[in-house]
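Enquirer: Below are the sequence and a predicted model for it; my questions follow.
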Amino acid sequence: MAFIRKKQQEQLLQLYSKERFSLLLLNLEEYYFEQHTAHHIWCKGSQNESAKSRGISLIFSQVYFIKEHNIVAPYKIERGRMEYVFELDVSGKVEDVVETLLQLHRASCLDKLGDQTAMITAILQSRLARTSFDKNRFQSVSEKLHMECKAEMVTPLVTNPGHVCITDTNLYFQPLNGYPKPVVQITLQDVRRIYKRRHGLMPLGLEVFCTEDDLCSDIYLKFYDPQNRDDLYFYIATYLEHHLAERTAESYTLQWQRGHLSNYQYLLHLNNLADRSCNDLSQYPVFPWILSDYCSSELDLSNPGSFRDLSKPLGALNKERLERLLTRYQEMAEPKFMYGSHYSSPGYVLFYLVRIAPEYMLCLQNGRFDNADRMFNSIAETWKNCLDGATDFKELIPEFYGDDISFLVNSLKLDLGKRQGGQMVDDVELPPWARSPEDFLQKSKDALESNYVSEHLHEWIDLIFGYKQKGSEAVGAQNVFHPLTYEGGVDLNSIEDPDEKVAMLTQILEFGQTPKQLFVTPHPRRITPKFKSLSQTSSHNASTADSPVSPGEESFEDLTEESKTLAWNNITKLQLHEQHKIHKEAITGIAVSCNGSSVFTTSQDSTLKMFSKQSKMLQRSISFSNMALSSCLLLPGDATVISSSWDNNVYFYSIAFGRRQDTLMGHDDAVSKICWHDNRLYSASWDSTVKVWSGVPAEMTGTKRHQFDMLAELEHDVGVDTISLNAASTLLVSGTKEGTVNIWDLTMATILHQVPCHSGTIYDTAFSPDSRHVLSTGEDGSLNVIDVQTGMLISSMTSDEPQRCFIWDGNTVLSGSQSGELFVWDLLGGKITERIQGHAGAVTCIWMNEQCSSIITGGEDRQITFWKLQY
């Protein structure tokens with residue numbers, strides 16, 4: 001748990017001083033300049049006048065007694081004229097301390113709050129300018145300094161100014177006041193993740209994690225200049241090199257869809273990427289209410305009625321309340337909003353965490369706990385209030401799905417007040433179905449990872465992080481909050497009045513902030529065991545309706561045959577078996593007979609060749625014209641080879657008769673790729689079309705020419721370089737010369753998605769075996785994965801060279817590169833796992849048999865290469 005971990009860290013840092021000053025004793029936006037150990041030796045009424053002459057005399061009209069006797073409790077306040085005298089341990093510092101006190105007192109006496117803030121900030125900046133990082137704090141004398149600047153370390157509710165320093169091996173922060181210790185040091189080698197943050201609506205934050213999945217970071221820094229933040233980020237990201245310094249939301253989506261990330265882990269990653277941090281209570285990670293049943297004695301996770309409707313925001317769950325809110329919304333002048341409070345704010349976070357973070361609550365609420373009847377007393381009561389309350393729309397926090405029960409138990413024995421019924425506020429009252437706090441958390445975790453939530457979590461993501469967060473979609477989803485809560489809702493730099501600026505910032509920080517929008521299209525749904533097929537009535541879902549594999553019957557990667565799984569598990573052990581140079585120019589296509597004995601290849605040398613695998617001899621060489629051939633395929637029965645050509649034609653060659661049997665003249669420019677399924681031919685061309693033809697028999701015997709009927713013409717804006725069909729031939733994907741991936745519904749001959757995701761020609765595209773995803777490669781060196789149902793780009797990886805062709809099983813990719821190497825990509829891990837030397841030039845085509853036991857590649861070196869899998 002974030003607060004527990006942070007407290008433990010602070011306790012370790014404070015071993016040398018039990019009476020160390022706590023930043024939580026400060027007010028919001030108050031700075032801790034310096035600390036001095038002193039003794040309270042005199043107050044009004046004391047007779048010790050000699051002590052008074054040696055100390056510092058302070059006269060107050062109001063005094064707060066905070067953490068008296070070291071007990072966490074509401075602050076006591078005394079009013080009236082009072083004089084206190086303190087004697088410093090180091091008497092020589094009296095004049096310096098008095099000078100600082102007078103300077104800060106002058107600032108506090110200014111009439112306007114904005115002027116006070118400006119003067120205190122000027123004092124702080126002056127101090128920072130007069131000091132620098134102490135180089136004696138370096139871990140090694142050989143360390144090289146790369147950058148030093150001013151910054152503040154951010155912790156919940158408070159920030160601490162100081163100096164940031166980065167060397168070739170370490171990141172340092174030296175607080176101006178020496179708190180929580182003289183220097184905070186992080187070894188760059190330990191850094192696993194870094195995130196740019198917006199802090200106070202400004203792009204000034206940087207958060208550093210030395211763990212992969214921890215909710216709490218190792219340091220959160222706020223800079224005074226965005227350029228300093230960006231420079232430091234760039235240096236750390238450069239140092240990390242092969243680590244993914246900052247991943248996009250889409251890079252985690254594929255892992256989540258395929259079951260390699262839990263719902264909990266995925267939500268944590270999305271929160272991180274949306275600027276949510278446990279160090280910033282105005283942007284604390286937000287998690288959904290999952291359950292709606294807090295009354296039953298047994299919790300039934302197989303009953304959909306046990307769950308909250310995740311497609312609606314909390315404010316829209318109660319129909320009567322929503323009608324009242326919508327009536328007010330319609331009558332409201334611009335800017336309109338439906339909900340007057342947010343679903344996440346510092347007050348709500350500490351409402352849940354008051355039992356483990358009481359000092360934070362006191363800090364936030366000016367030294368008071370909330371009214372006992374408004375405290376977090378009961379899970380059921382809290383849910384009911386969120387459902388029925390006029391202004392209560394709060395969601396949950398990650399702790400509800402964690403392992404630490406501390407926030408549910410009053411283990412600190414805090415006096416949190418007495419309720420109207422006379423009972424003291426103590427532990428949180430749990431639902432009847434929870435036998436203990438541990439049982440409550442376990443069942444909450446089970447609910448979060450349940451099939452129902454996995455099937456519907458994408459709907460909640462659309463509301464909080466996605467396309468229903470803003471604009472007309474938000475209005476339609478009854479998901480509109482106050483404009484100030486949204487990123488870009490106000491430009492603080494444009495506010496000239498310092499009072500107005502401070503008031504605006506305070507309002508924003510206390511009200512809560514909407515997460516940064518991560519997705520602008522509908523979020524893909526998760527692949528769960530329950531999804532054996534999606535609705536066939538929707539063309540968007542046709543991708544899986546007739547898929548040869550039911551996703552998730554046993555596991556998401558189960559391809560039904562052991563040989564396939566075994567082959568892909570050992571794909572990195574691929575070994576070159578033999579090579580044969582059979583063409584005079586680059587090879588463009590490979591087709592193999594069912595028994596594997598004959599290999600047919602096309603080439604830019606304009607020939608179709610037939611090679612015998614057994615005799616290792618070239619058996620036939622056929623030329624249809626003097627133009628390059630671009631691809632080839634074998635019709636079922638292995639009697640006919642079809643080749644596409646740059647001369648705008650498609651040629652049919654009879655193997656049995658040894659002659660060209662037919663020619664399809666169907667395009668106005670080069671035919672770049674052909675596919676065939678169920679007596680239909682699909683041809684792509686540089687004339688900006690993909691055409692679907694009928695009248696193509698599986699076996700073409702005799703000499704009669706055939707009548708080819710065009711069933712559909714799929715028009716593009718530019719030339720099409722590649723196409724591919726899904727397993728059921730209900731969908732087609734095309735890749736264009738300008739880098740756009742197009743997904744087509746063949747049953748309706750309509751386009752489903754246009755995704756411009758490459759910065760140049762797309763070389764190859766293919767559906768995953770379960771037809772849920774499309775992979776594309778291009779001359780920009782990137783591999784992009786697109787969700788078929790939503791058209792969202794959910795993963796993108798890059799290499800330092802173009803990938804010309806590939807095969808994949810949905811998780812792992814074997815691609816042929818421009819340099820001639822074969823690359824093995826782990827899409828779920830986001831990395832290249834192997835590079836295998838193959839051809840002397842670019843690998844231009846790749847073929848794998850259905851059992852995944854045989855692989856053949858062709859290249860610009862005019863060779864075909866046979867590969868062996870080592871088990």
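Expert: Nice, I can see it.
Enquirer: middle-most residue in the chain, spatially?
Expert: With distances taken as C-alpha atoms, centre = their mean, the chain has Ala249 as the residue nearest its mean C-alpha position (2.6 Å).
Enquirer: In contact with that one, which residues are there?
Expert: Contact partners of Ala249, counting by C-beta atoms under 8 Å, 6 or more residues apart in numbering, are 269-270, 273-274, 465, 518-519. Just so you know, the C-beta spots here come from the backbone N, C-alpha and C atoms, and that holds for glycine as well.
Enquirer: same check, this time on Asp111
Expert: No contacts exist for Asp111 under C-beta under 8 Å, 6+ apart.
Enquirer: Specify the local secondary structure of it.
Expert: For Asp111, the assignment made with DSSP: H, G, I helix; E, B strand; the rest coil gives coil.
Enquirer: got it, and the one 5 residues further on?
Expert: Look at Gln116: counting by three-state DSSP, its state is helix.
Enquirer: What pLDDT does the model give the residue nearest to the centre of the chain?
Expert: pLDDT for Ala249: 79.
Enquirer: Grab the nearest non-local neighbour of it.
Expert: Nearest residue to Ala249, sequence neighbours excluded (C-beta to C-beta, 6 or more residues apart in numbering): Leu518, at 4.2 Å.
Enquirer: before we move on, back to that, mind putting the contacts of Ala249 in TSV, distance to Ala434 and neighbour count included?
Expert: Listed next are those as TSV, based on distance: C-beta to C-beta, whole Å; neighbours: other C-beta atoms under 10 Å:
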residue	distance to Ala434	neighbour count
His269	28	21
Leu270	27	25
Leu273	32	20
Ala274	30	23
Phe465	29	24
Leu518	33	22
Phe519	34	22
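Enquirer: for the residues you listed, which one is nearest Leu206?
Expert: The closest of the contacts of Ala249 to Leu206 turns out to be Leu273 (C-beta to C-beta; 14.2 Å).
Enquirer: What sits closest to the closest one if chain neighbours are left out?
Expert: The nearest residue in space to Leu273 (C-beta to C-beta, 6+ apart) is Ala249, at 5.0 Å.
Enquirer: Look up how far Glu500 lies from that neighbour.
Expert: To Glu500, Ala249 is 35 Å away according to C-beta to C-beta, to the nearest Å.
Enquirer: Then Leu157?
Expert: According to C-beta to C-beta, Leu157 stands 23 Å off from Glu500.
Enquirer: Can I get stretch 58-69 as PDB, trimmed to CA atoms?
Expert: What follows is stretch 58-69 as a C-alpha-only set of coordinates in PDB (Å, rounded to 0.1, in the frame of the first residue of the first chain):
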ATOM      1  CA  LEU A  58       7.500  35.600  19.600                       C
ATOM      2  CA  ILE A  59       4.100  37.200  20.100                       C
ATOM      3  CA  PHE A  60       1.000  35.500  18.700                       C
ATOM      4  CA  SER A  61      -2.700  36.200  18.400                       C
ATOM      5  CA  GLN A  62      -3.500  32.500  17.700                       C
ATOM      6  CA  VAL A  63      -1.500  29.300  18.500                       C
ATOM      7  CA  TYR A  64      -2.000  25.800  17.100                       C
ATOM      8  CA  PHE A  65      -1.000  22.800  19.300                       C
ATOM      9  CA  ILE A  66      -0.100  20.100  16.800                       C
ATOM     10  CA  LYS A  67       0.500  16.400  17.700                       C
ATOM     11  CA  GLU A  68       0.700  17.300  21.400                       C
ATOM     12  CA  HIS A  69       2.500  14.600  23.400                       C
END
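Enquirer: ok, back up a step: mind checking which of the contacts of Ala249 are in helices?
Expert: When those are checked against helices (DSSP state H), the matches are 269-270, 273.
Enquirer: can you pull out the helices in the stretch 701-850 of the chain?
Expert: With DSSP state H, counting those that start in this stretch as the definition, the stretch 701-850 of the chain shows no helices.
Enquirer: show me where it has strands.
Expert: 709-715, 720-725, 731-736, 740-745, 750-756, 762-767, 773-778, 782-787, 793-798, 803-808, 812-817, 821-826, 831-837, 843-848 (DSSP state E, counting those that start in this stretch).
Enquirer: With mean pLDDT added, can I get those in TSV?
Expert: Output for the strands of the stretch 701-850 of the chain, formatted as TSV (pLDDT from 0 to 100):
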stretch	mean pLDDT
strand 709-715	95
strand 720-725	98
strand 731-736	98
strand 740-745	97
strand 750-756	96
strand 762-767	97
strand 773-778	96
strand 782-787	94
strand 793-798	90
strand 803-808	96
strand 812-817	96
strand 821-826	95
strand 831-837	93
strand 843-848	96
